[in-house]
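[1] what's the 3D shape of this:
(chains A and B)
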There are 2 protein chains.
Amino acid sequence: MVSRTDVVAAARRIAGHVHRTPVLTSRTIDALLGAEVHFKCENLQRSGAFKIRGATNAVRSLAADTEVVATHSSGNHGAALALAAAEAGLRAIIVVPRDARPSKRAAIERYGAEVVVCKPTLAARQTTLDDVCRRTGATFVPPYDDERIIAGAGTAALELLQDFPRLDQLWVPVGGGGLAAGTVVAAQGSAEVVLAEPALACDAKTSLTTGVICDALPPKTVADGLRTALGRRNFEILYNVRTRVYLASDEGIRDWTGRLAEIMKVVIEPSAAVTLAAMAENRSAAKGTVGVILSGGNAPLEGF
Amino acid sequence: MVSRTDVVAAARRIAGHVHRTPVLTSRTIDALLGAEVHFKCENLQRSGAFKIRGATNAVRSLAADTEVVATHSSGNHGAALALAAAEAGLRAIIVVPRDARPSKRAAIERYGAEVVVCKPTLAARQTTLDDVCRRTGATFVPPYDDERIIAGAGTAALELLQDFPRLDQLWVPVGGGGLAAGTVVAAQGSAEVVLAEPALACDAKTSLTTGVICDALPPKTVADGLRTALGRRNFEILYNVRTRVYLASDEGIRDWTGRLAEIMKVVIEPSAAVTLAAMAENRSAAKGTVGVILSGGNAPLEGF
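    Numbering: from 1, shown residues only, chains lettered A, B, ... in the order given. Here you go, the predicted structure:
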């Protein structure tokens, strides 16, 4: 099981390779949400998302003779692993489904990784990846169900709590559960961790209510980073502390993506707006002094 | 003449009323521009621009019996004065030309100021303002040609140089010259201050070359915050140290406004992109370790 000590070790391991992201506040947003919000801006992180924390922690934890890493990703994890590998002098191969957004694929290639395209099914992703690993001897770095990834993701909350030790709540979006589980481990009871999920992808809420990991729903939400089901390790950490999950409508997610750019002048991707939409749609759920992790900013700009 | 001591005093006066804005970096941008750039993010400042620094410094320097302040503005100074006055418990009246962007007017009203609309000419702005001041006893707070405004604007560079004392250059956009002059005073020779101006509004370059303040050009550039001519005090400070001015095309300004959102995930207004466009269009002008003040983020989002 991942411990807070692992998060602290991850923070030391990734220092200098990732940004210590700024924490922003806005009295206008506070008035709209009825809470005092501290935004940890992982959208301003290297590679545009918190994912570089876990990817860097994983890459820097590998055996010294590792030469190639690989993963499958249609989004931020692929770009993060590409960047983390390039900086560590490793070769990276990313399996990308044919229907991935061209901008995501371009980011992966900009960081110098090789892209292998596969059919847009989970089965095809897995068999293509297995084939890549067998063929090249690459080490698989999973996107979220991995202790090094969870510990790395937890460093965002660790930094936020170093800057603001007295937060009542810490709100994070939940998809596969890397950021959510990492935040729970980093906070370790010092602040309540509250999860936010698109209503169109509410599998985490169902899983944490029933105690059984349920499958991902059809990929309908605009929050494309949150369409996956919980990982096993992630589920266990979240279920242990009975984490609450609040839902947000896609309309609210779109609305808050735009509002944050308008009011706070930062670009976030829809997956990062789900916390704000959930707060606004579940009045009285957000209380007191609240930390919010803005998970990423890799939105297509035509979305504005 | 404004001195560095005035900037330090301004920093003390406005502390707690404005954000200490973050400084961001991007290796992608560095590679594109051929310099190591530190971005002082005044687009993330309260009211969305550095203008709140000067407005707060001016308002907090007024005689204790002042009850009303006024100015004319089609842009960020009006919103900044409205906010600074509201926080100090003063009434604010802003004269706004009829053709100002509705979003700018909305911001002024959101901060609780009264808006008086006038015809869109410089003469109408001045006579309407004179009338407001006579009628209400309001104290005029000018947008840039004012020692308190210059000293306040200089606090952005002061903070940046506290965080990064060894900058070779400090790039700032120039319009009326409040930010430019304040930066020169704050830097006081510790870093070379370099100005950037739209080619379509190159009056500051002409003024600083000929030694005579020249009039504003027709308002054609997209960088609407930089259309004004230099103020007298501002000109004197800039001319004294023979500040260099580089020009940027409107095409480059638009391009870099979008690029910064795409690469760095921050929203800037076109007036804040002129430094980047000028660096890109004048190769070898930017050298070594460079500070750039991103002056504001109040862009209409439909601009993306």
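[2] List the contacts of the closest residue to residue A:50 other than its chain neighbours.
    Excluding the flanking residues, the one nearest residue A:50 by Cβ to Cβ, 6 or more residues apart in numbering or on different chains is residue A:42, at 3.9 Å. Where C-beta positions appear, they are placed from N, C-alpha and C, glycine not excepted. Applying Cβ atoms under 8 Å, 6 or more residues apart in numbering or on different chains, we find residue A:42 in contact with A:21, A:49, A:50, A:156, A:272, A:293, A:294, A:295, A:296.
[3] What of residue A:52?
    Applying Cβ under 8 Å, 6+ apart, the residues near residue A:52 are A:17, A:18, A:45, A:46, A:80, A:83, A:84.
[4] now with 10 Å?
    A:14, A:17-19, A:42, A:45-46, A:76-77, A:79-84, A:87, A:152 (Cβ atoms under 10 Å, 6 or more residues apart in numbering or on different chains).
[5] what's the answer for residue A:157, then?
    With Cβ under 10 Å, 6+ apart, residue A:157 has these contacts: A:7, A:40, A:50, A:167, A:170, A:172, A:179, A:182-188, A:190-191, A:193, A:291, A:293.
[6] Okay, and which of these map to helices?
    A:7, A:179, A:182, A:183, A:184, A:185, A:186, A:187 (DSSP state H).
[7] gap between the closest residue to the fourth one other than its chain neighbours and residue A:30?
    This points to residue A:183. Nearest residue to residue A:183 in three dimensions, chain neighbours excluded: residue A:157, at 4.2 Å (Cβ to Cβ, 6+ apart). With distances taken as Cβ to Cβ, to the nearest Å, residue A:157 is found 20 Å from residue A:30.
[8] How about residue A:192, nearest residue that isn't a chain neighbour?
    residue A:169 (4.9 Å).
[9] Just give me the neighbour total for that neighbour.
    Residues near residue A:169, counting by other Cβ atoms under 10 Å in any protein chain shown, number 21.
[10] beta partners of it?
    Residue A:169 forms beta bridges with residue A:192, residue A:290, as assigned by DSSP bridges.
[11] Do I have it right that residue A:293 meets residue A:41?
    Yes. Here residue A:293 lies in contact with residue A:41, judged by Cβ atoms under 10 Å, at a distance of 8.8 Å.
[12] Need the residues touching each of the two.
    Common neighbours of residue A:293 and residue A:41 (Cβ under 10 Å, 6+ apart) are A:21, A:50, A:156, A:272.
[13] What are the boundaries of the helices in the stretch 101-250 of chain A?
    Using DSSP state H, counting those that start in this stretch, the helices assigned to the stretch 101-250 of chain A run over residues A:102-110, A:122-136, A:147-163, A:178-187, A:203-210, A:232-240, A:250-264.
[14] elements contacting the last one?
    For helix A:250-264, the elements it packs on are helix A:27-33, strand A:36-41, strand A:192-198, helix A:270-281, judged by 3 or more Cβ pairs under 10 Å, 6 or more residues apart in numbering or on different chains; DSSP states H and E.
[15] Now mean neighbour count too, for those, in JSON lines please.
    Below are the helices and strands packed on helix A:250-264 laid out as JSON lines (neighbours: other Cβ atoms under 10 Å in any protein chain shown):
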{"stretch": "helix A:27-33", "mean neighbour count": "15"}
{"stretch": "strand A:36-41", "mean neighbour count": "23"}
{"stretch": "strand A:192-198", "mean neighbour count": "27"}
{"stretch": "helix A:270-281", "mean neighbour count": "28"}
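[16] pLDDT below threshold where in chain A?
    Scanning chain A for pLDDT under 70 picks out A:300-304.
[17] Nearest the middle, which residue of it would you pick?
    Taking Cα atoms, centre = their mean as the criterion, residue A:179 is the residue nearest the geometric centre of chain A, at 4.9 Å.
[18] Contact partners for that residue?
    Residue A:179 sits in contact with A:42, A:49-51, A:53-54, A:144, A:149-150, A:152-154, A:156-157, A:172-173, A:195, A:225, A:234, A:271, A:293, A:295-296, where contact means Cβ under 10 Å, 6+ apart.
[19] quick one: it and residue A:69, what's the gap?
    For residue A:179, the distance to residue A:69 - Cβ to Cβ - is 21 Å.
[20] Repeat that for residue A:51.
    Distance from residue A:51 to residue A:69, by Cβ to Cβ: 14 Å.
[21] which one of these two has more residues nearby?
    Neighbour totals were compared for residue A:51 and residue A:69, and residue A:51 leads with 33 against 26 (other Cβ under 10 Å).
[22] Give me the three-state assignment for residue A:94.
    strand (DSSP: H, G, I helix; E, B strand; the rest coil).
[23] Leaving out the residues flanking it, which one is nearest to it?
    Residue A:94 sits nearest to residue A:78 (Cβ to Cβ, 6+ apart), 4.2 Å away.
[24] what helices or strands is the one helix or strand the one you found maps to leaning on?
    Assigned by DSSP states H and E, residue A:78 belongs to helix A:76-87. Contacts defined by 3+ Cβ pairs under 10 Å, 6+ apart place helix A:76-87 against helix A:51-59, strand A:68-72, strand A:91-97, helix A:102-110, strand A:114-118, helix A:147-163.
[25] near chain B at all, the fourth one?
    Spelled out, it's helix A:102-110. Yes. Contact of helix A:102-110 with chain B (Cβ under 10 Å from any Cβ of the partner chain) involves A:103, A:110.
[26] how close does residue A:256 sit to residue A:244?
    Where residue A:244 is concerned, residue A:256 sits at a distance of 19 Å (Cβ to Cβ).
[27] Of the two, which one has the most company?
    Taking neighbours as other Cβ under 10 Å, residue A:256 and residue A:244 compare with residue A:256 leading, 27 against 15.
[28] wait, isn't that one in contact with residue A:273?
    Yes. With contact defined as Cβ under 10 Å, residue A:256 and residue A:273 form a contacting pair (4.0 Å).
[29] Which residues are in contact with each of these two?
    residue A:248.
[30] re the thing from before, now the helices and strands packed on helix A:250-264 in TSV, please, with extra columns for distance to residue A:127.
    Formatted as TSV, these follow (distance: least, Cβ to Cβ, whole Å):
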stretch	distance to residue A:127
helix A:27-33	45
strand A:36-41	37
strand A:192-198	29
helix A:270-281	27
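[31] can you tell me which of these comes nearest to residue A:250?
    strand A:192-198 (6.4 Å; Cβ to Cβ).
[32] chain center to that closest one, what's the gap?
    12 Å (Cα atoms, centre = their mean, to the nearest Å).
[33] any idea of the angle it forms with helix A:178-187?
    170 degrees (axes from the mean of the first three to the mean of the last three Cα atoms, to 10 degrees).
[34] got the CA coordinates for strand A:192-198 in CSV?
    Extracted in CSV, the C-alpha atoms of strand A:192-198 (Å, rounded to 0.1, in the frame of the first residue of the first chain):
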residue,chain,number,x,y,z
GLU,A,192,-11.1,15.8,3.9
VAL,A,193,-10.5,14.7,0.3
VAL,A,194,-13.7,15.1,-1.8
LEU,A,195,-14.0,13.7,-5.3
ALA,A,196,-15.8,15.2,-8.3
GLU,A,197,-17.0,13.1,-11.2
PRO,A,198,-19.0,13.8,-14.4
